[in-house]
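Visitor: Structure, please.
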Amino acid sequence: MSIEHYENFPVASWLCPPHLRPAIAAIYHFARSADDLADEGDASTAQRQQDLQDYRADLAAMLDGRAGSGRWERTVFAGLARVMPQYRLPAPLLNDLISAFEQDLVKTSYADRPELMDYCSRSANPIGRLLLHLYGIADPLALQRSDAICSSLQLINFWQDFSRDGPRGRLYVPASDLRRHGLSGTDILACRDSSAARQLIAELCDWAEALMLQGAPLVHQIPGRAGWELRAVVQGGLRILAKIRAMHHASLLQRPALGPLDAPALAWACLRMGRSRTLNLAATAQTEREVRL
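Guide: Below you'll find the model as predicted:
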């Protein structure tokens, strides 16, 4: 869920209950502002690190009821301060997001899938958990499914954004996967298309899809219109994977994206997410994952 700029984030849309929109907007602005500090503009790495430290300090001040620097008061912390006590949002999840952005400044490669998933657990999963918190949903299965959806969205964004991450020197394909396909990190950063690279991307897409299908039954646990919005988020991620497959996994050469012409297919896919069908797909994805492991 690249927060550039939360293409998959349900930003207080008309599907969200009106009373939750201020809280959703506050979470969004908190995450997006931190992401912008890590990614936007031409600041040095040292300056970005300092900015994120200052941002974390202002979060701590807000949580303690103290005055912060005032730098992000109007755009971020004033709104967040209003909703934090109202919904008892867990502060560790907000700090996890900052830690992921800080990591992006110093870490540019990952040894294996568990290491990448640890990153996703801080860069993506907190968003889903915060949103579930707004709905008062905290059972372990729902949290597990939310994590699967959010991690999948993050992975899908990686496999979609090779042409953007390469110039920034960021490599999210685990080294263990690269070795298995006889590739190097340099191949991916330089967006060198090859048969081996496409086979690798096909495997990575299968991984992301399996995660998404494991989490998909969560759409039936979210009440009202928000459950339909989550359907759109899930199907949007799956649609990107379908586009990568349609281009024969050549996403090193071309970035797939959703457009207005995708709307009818997405709407139909959302309508077809019946409870039994979604649960069957999730069970199949879980079985396939266990076989691979």
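Visitor: Please name the residues that touch A57.
Guide: 68-69 (Cβ atoms under 8 Å, 6 or more residues apart in numbering). Backbone N, C-alpha and C define where each C-beta goes, glycine included.
Visitor: Give the buried residues for the helix or strand where it lies.
Guide: In this assignment (DSSP states H and E), A57 forms part of helix 45-64. Residues of helix 45-64 classed as buried by neighbour count (16 or more other Cβ atoms under 10 Å): 48-49, 51-52, 55-56, 58-59, 62.
Visitor: go on, stretch 135-150?
Guide: Of the residues in stretch 135-150, those buried (16+ other Cβ under 10 Å) are 135, 137, 142-143, 145-150.
Visitor: Which residues does it contact?
Guide: 1, 20, 120-121, 124-125, 127-129, 131-132, 211-212, 214-218, 221-223, 226, 230, 233-234, 237.
Visitor: filter the residues you listed to the buried ones?
Guide: Using 16+ other Cβ under 10 Å, the buried ones in the contacts of stretch 135-150 are 1, 20, 120-121, 124-125, 127-129, 131-132, 211-212, 214-218, 221-222, 226, 230, 233-234, 237.
Visitor: Which parts of the stretch 51-200 of the chain are helices?
Guide: 78-87, 91-106, 113-123, 125-134, 140-160, 162-165, 175-180, 185-189, 195-215 (DSSP state H, counting those that start in this stretch).
Visitor: Same list (these) but as a markdown table, adding distance to K243.
Guide: Rendered in a markdown table, the data for the helices of the stretch 51-200 of the chain read as follows (distance: least, Cβ to Cβ, whole Å):
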| stretch | distance to K243 |
| --- | --- |
| helix 78-87 | 35 |
| helix 91-106 | 25 |
| helix 113-123 | 21 |
| helix 125-134 | 23 |
| helix 140-160 | 9 |
| helix 162-165 | 14 |
| helix 175-180 | 21 |
| helix 185-189 | 19 |
| helix 195-215 | 10 |
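Visitor: how about those helices, which one is nearest G70?
Guide: helix 78-87 (10.2 Å; Cβ to Cβ).
Visitor: which ones are touching L178?
Guide: 184-185, 187-188, 200.
Visitor: can you tell which of the helices of the stretch 51-200 of the chain is closest to D262?
Guide: Per Cβ to Cβ, nearest to D262 of the helices of the stretch 51-200 of the chain: helix 140-160, 13.8 Å.
Visitor: Compute the inter-axis angle for the closest one and helix 195-215.
Guide: Interaxial angle of helix 140-160 relative to helix 195-215 (axes from the mean of the first three to the mean of the last three Cα atoms, to 10 degrees): 160 degrees.
Visitor: Of the helices of the stretch 51-200 of the chain, which is nearest I27?
Guide: Nearest to I27, of those and by Cβ to Cβ, is helix 125-134 at 5.3 Å.
Visitor: Great, nothing more from me.
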